[in-house]
Structure formats: C-alpha cells, structure tokens
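Novice: Take this sequence and fold it.
(one chain, ligands or ions: 1)
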Amino acid sequence: MNNKTEAHVLVIDDEPDLRALYELTLLREGYVVDTAEDVAEALSLLESQRYEAVITDMRLPDGSGLDVLTWLDEQGRPERALVITAHGSAENAVEALKAGAYDYLTKPVDLKQFRMVVASALGRGLPAQAAPAPGAAAPAPATRKPVQRGPESALTRLIGDSAPMQQVRELIQKVARSMAPVLLHGESGTGKELVARSIHEVSSRTGQAFVAVNCGAIPEQLLEAEFFGYRKGAFTGAQEDREGFFQAAHQGTLFLDEIGDLPLAMQSKLLRALQERSVRPVGAVTESPVNVRLVSASHKDLAAEVAAGRFRQDLYYRLNVICIRVPPLRERMDDLPLLCDWVLRRIAQDAGVHPVPRLSPAAQAQLQSYAFPGNVRELENLLHRALALVASDVIGAEDLGLPAAGSMDAADGDAETLLAEAESSAATAADSAADVPRVAAVIPSDLVTHLDMVERQILLQALETYRYNRTAAGAAMGLTLRQMRYRMARLGITVDDDH
Ligand SMILES: Nc1ncnc2c1ncn2[C@@H]1O[C@H](COP(=O)(O)OP(=O)(O)OP(=O)(O)O)[C@@H](O)[C@H]1O
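Specialist: Numbering: from 1, shown residues only. All right, here's what the predicted structure looks like:
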C-alpha cells in the first residue's frame, strides 16, 4: 500500500461494476476516492471539492468525458484528468490529450497499467513490478547521446526572445503538464533536442531519466534489442540481460530523434509498444509495463513521408498529438545577438579565455546577413572556429570565414555596413544565386544534411521564381519534371497544384 498519499481521486463511470473495480483498486493504493455516474454528478462534486486527479470514462449517459475536461480547463482547475477510451479508438485518445487530458487508458483497463498511470498523474512512485528487470544492464551507451547536465536548465539554455521562440517556450510549458506525445519538427541544428529536454525538465518527470536516441544512427538489425532490451542467450553475443531505451526511460522521457529514419518494420513494433504501454525484450516470454513520455523529432516532413508510404499513418497519428515547430535561425534573426553572446561566453568559459571576445560591428553585420543552413549548431561551430583563430579579443568579419556577404539577401538595415566592411564586392539580392556554392565556406558538421538544406533552398527559390510551376522551375535547372518531383518528395517540398 502506498502510505505517502492521501490524494483525493474522483472516478466517473456509469457502469457500477467498473466504478466499483476502479474504486477498490484506488482505495488499495491508499487514495481517498469519490465516484460519480455521469457528468452532472461529477460537476456537482467538483464544485464542492478539490481533487488531485479525475478519472473519467469517455462515454457517459449525459455527455462525454471531454465535457468534464472542458469544464476543468474553463475553471482553471489543477486536477489532472485521465480519460478511459473504448478499445481501438485512437481518435478518442488523441482528442482527449488535445483537450488537455494528462493521459488516457484504453478498455479493457489493465489494472496494473491503471495503477501506474494514476501514480504517474499524481507524481508518485510506481508499483515495483513496473520497474525494469532487476540486474539488467543499461542500454549500450554507443547508441545513447550523452546527457549534458549543466547547472542551468534546458529551458534557460534555450536562448531567444523573438516571437517564434516565445511561442515555443509557451508550448513547452503547456505540453509539460500532460503525458501527450509531442512531435518536434524543425531543420537540423534548430534546437529540437534542447526543446525535448526542456519539456522533460519542466514536467513532473524531471527527476527521472531523459533518454535521447538518434534513430538514424542504429543499425536496422539492432533496433529491436536497443529499443526493448534483450534476455541473456536471446542471440549470439547476448551474454547478459540488457535493458532497452524504453526500460531506461521508465518514468522519464524518451526522445526519439530522426524518427522518420525508422524502417517500417520497427515502426510497427514501436506503435505496438505505445498502444500497449509495455515492451517485450528480445528472448523474453512476457511483456513488462513501461511508463514513458515520448517526444519525437524529425527534420523530414512526416506527413509527406506518410503520403509516400514510408511512414505508418497510424504511428504518425499517435506521435503527432501535439506538434511544435522549432523555427530555423534565419526566421528569428532578432535572436542572433543574444545567441552570439551566450555561445561566446560559454565557449570562452570552457576554454578558460578571458576576457570573453566580442564581435566587431562588421562581424555582427556579416552574421546577420548569413542564412545559417545549419542553424544554431552551425553558429556554434562558426564561433568556435573564430575563437580558436582570433588573435585579439575582437572577432572581425575575416575571422568568421564566411563569404563577404552571406548566401541570404543582406538585411536592409545592414546593407551599408556590409558594403563598407567587405573588401570584396558586396552581394546584392541578384547575387544570391551565384553565391550558393559558397554556402559551405564553413565546413559543415553533417555534410549530407547540409547539402540537403542547400538543395532545398535552391529548389524553393526556383519554384518561387517560376510561380510554383515545377516543369519550368525544373527546366531552369536542367531537371525533368520527373527528376524535380523526386527531389521535391525527398526533401519534403509540396506545392498545391500539379502544374
Ligand atoms: N535556442 C537555442 N539556444 C541556445 N542554444 C541552442 C538553441 N538552439 C540550439 N542550440 C544549440 O545548438 C546545438 C544543436 O541543437 P540540438 O542538438 O538541440 O538541435 P537539433 O534540432 O536536435 O539538431 P539535429 O536535428 O541535427 O539533431 C546544441 O549545441 C544546442 O545547445
């Protein structure tokens, strides 16, 4: 029995047997329980009493569980809501999460899972049997990104006051209050992992594990073992029990980066684990429940991947309950001074350099006019390199190793400074196409992604120039319509009509 709790829980269900079953299960856990059989009775109890959690059936005689959720939201009530949905009704579950439910359970309710989900909603420890198998080794570190734990929280490290970043921050705070899966969409280097980590740290799971996995970095034949663990002797080389990412992230958050890279077979297994909330290690006979909050990310347009048959629609639906778009740096250039400042301070501190070097006005102007196809990661690399090369404590434009003016059109306000500073001819908007090969003046940390981004920019530019006529835009670059279609699909570019 859980003795640290006197939590009040309200159960709403019109079936007397189920109501009694839930009540009894919760009483055994040491909670104080009230029950209601419809929306009206539930609301009258809620008006006179605060609860820590409300568990409601979706279908009720005088309305729906969503009515209770809406009421709680409108009243600004702090109760965490759990919704019980009919079996196979993914729509209901997604709808409930979008309406603000903390989590959902599917009928027929598995009592072990029921206890686990309620405990999680109440921020309590979980039943012992839900924990990973005792003695199981942690997953192979090679496939886990190192956890960077600094004194500052991830949210504090997420620099930027621009409107798009403020929006991202608000969404982080909002989604951290529930268990709803979150899909982060954004180009490489925009800070998706930092956002995922922030969601974890703001949520009640903060003291637990945050496990970050790059799905594209794991060989296909190892995926199942890495995700779900394995038992000793399951295959040659399995010399001990080993837990997978799911067990390692138990009670915490699992961040699946580049989820679009998972092969279809693994997508099915992942979907099953999410639906059942339990995993079966390779070579094990039974499944064990896991309580994991999932955040996934992709730089690909997953909807386009679904349309192309490369990503399971049902999995996409499950992952994409809440989508946060992490904007590219070029869409939030207002944040550049703050970011430069922060990055320079950090690099100088790590390198023991005093005083922290500053950027000359010319260097600032040049950065401001650069497109940053590799986003914040590219900015970091660029400043790292500049700091290593600079002889004084002022970083000049020449230390950045960028073309005289970036691959993007010079920002209006900076054009004069750029003209004055650049020794070579200044770029104008008309020069930008000719500048493209110079985008890689700084050696990219990930060439393939970098080239994809460059290609994407060129295709978009051509499409815009030719009013989204793919045949004309393709022809201008020596591509047939077929080749153009292929490249656009690969890079997730869509246009409305088939021109
Ligand atoms: N808003 C930001 N403030 C401060 N640092 C940031 C910000 N966004 C990104 N960074 C830094 O940029 C680097 C790349 O960020 P991160 O790994 O989160 O990007 P990502 O979108 O997950 O990239 P990828 O898709 O390639 O994995 C990290 O060092 C991160 O700390």
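
Novice: Number of residues surrounding Val343?
Specialist: Neighbour count of Val343, defined by other CB atoms under 10 Å: 19. In short, each C-beta sits where N, CA and C put it, glycine included.

Novice: What of the one 10 residues further on?
Specialist: Counted with other CB under 10 Å, residues neighbouring Val353 total 15.

Novice: Do me a favour and get the backbone dihedrals for it.
Specialist: phi -90, psi 130 (degrees, to the nearest 10).

Novice: Could you pull up the contacting residues of the closest residue to it other than its chain neighbours?
Specialist: Distances taken as CB to CB, 6 or more residues apart in numbering place Leu387 nearest to Val353, at 7.0 Å, with adjacent residues excluded. Each residue near Leu387 by CB atoms under 8 Å, 6 or more residues apart in numbering is listed here: Leu344, Ile347, Ala348, Ala351, Val353, Pro357, Ile395.

Novice: And Val33, by the same measure?
Specialist: His8, Val9, Leu10, Val11, Glu23, Leu26, Leu27.

Novice: Touching, Arg485 and Thr471? I think so.
Specialist: No: in this structure, Arg485 is not within contact of Thr471 by CB atoms under 8 Å, at 9.9 Å.

Novice: and the residue nearest to Val353, how far is that from Asp399?
Specialist: To Asp399, Leu387 is 9 Å away according to CB to CB, to the nearest Å.

Novice: so what are the domain limits for this structure?
Specialist: Following automatic domain parsing, one finds the domains of the chain at 8-130, 141-325, 331-441, 447-490.

Novice: Kindly reformat those as TSV containing distance to the ligand and mean pLDDT.
Specialist: Formatted as TSV, those follow (distance: least, CB to the nearest ligand atom, whole Å; pLDDT from 0 to 100):
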stretch	distance to the ligand	mean pLDDT
domain 8-130	23	88
domain 141-325	3	89
domain 331-441	3	72
domain 447-490	7	83
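
Novice: Heading C-terminal from the one helix or strand Tyr317 maps to, find the next helix or strand.
Specialist: Secondary structure from DSSP states H and E places Tyr317 in helix 313-319. Downstream of helix 313-319, the next assigned helix or strand under DSSP H and E is strand 322-325.

Novice: sorry, back to before: in a markdown table, list the contacts of Leu387 along with secondary structure.
Specialist: Output for these, formatted as a markdown table (DSSP: H, G, I helix; E, B strand; the rest coil):
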| residue | secondary structure |
| --- | --- |
| Leu344 | helix |
| Ile347 | helix |
| Ala348 | helix |
| Ala351 | helix |
| Val353 | coil |
| Pro357 | coil |
| Ile395 | strand |
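
Novice: Give me the buried subset of these.
Specialist: Among the contacts of Leu387, those classed as buried by 16 or more other CB atoms under 10 Å are Leu344, Ile347, Ala348, Pro357, Ile395.

Novice: Look up how far Thr253 lies from the residue nearest to the spatial centre of the chain.
Specialist: Centroid check for the chain by CA atoms, centre = their mean gives Leu184 as the closest residue, at 3.7 Å. Leu184 is 12 Å from Thr253, where distance means CB to CB.

Novice: Show me what the top helix by length along the chain is packed against.
Specialist: Counting by DSSP state H, the longest helix found in the chain is helix 447-465. Secondary-structure packing of helix 447-465 (3 or more CB pairs under 8 Å, 6 or more residues apart in numbering; DSSP states H and E): helix 470-476, helix 481-490.

Novice: Report the angle between it and helix 481-490.
Specialist: Helix 447-465 and helix 481-490 are oriented at 120 degrees to each other (axes from the mean of the first three to the mean of the last three CA atoms, to 10 degrees).
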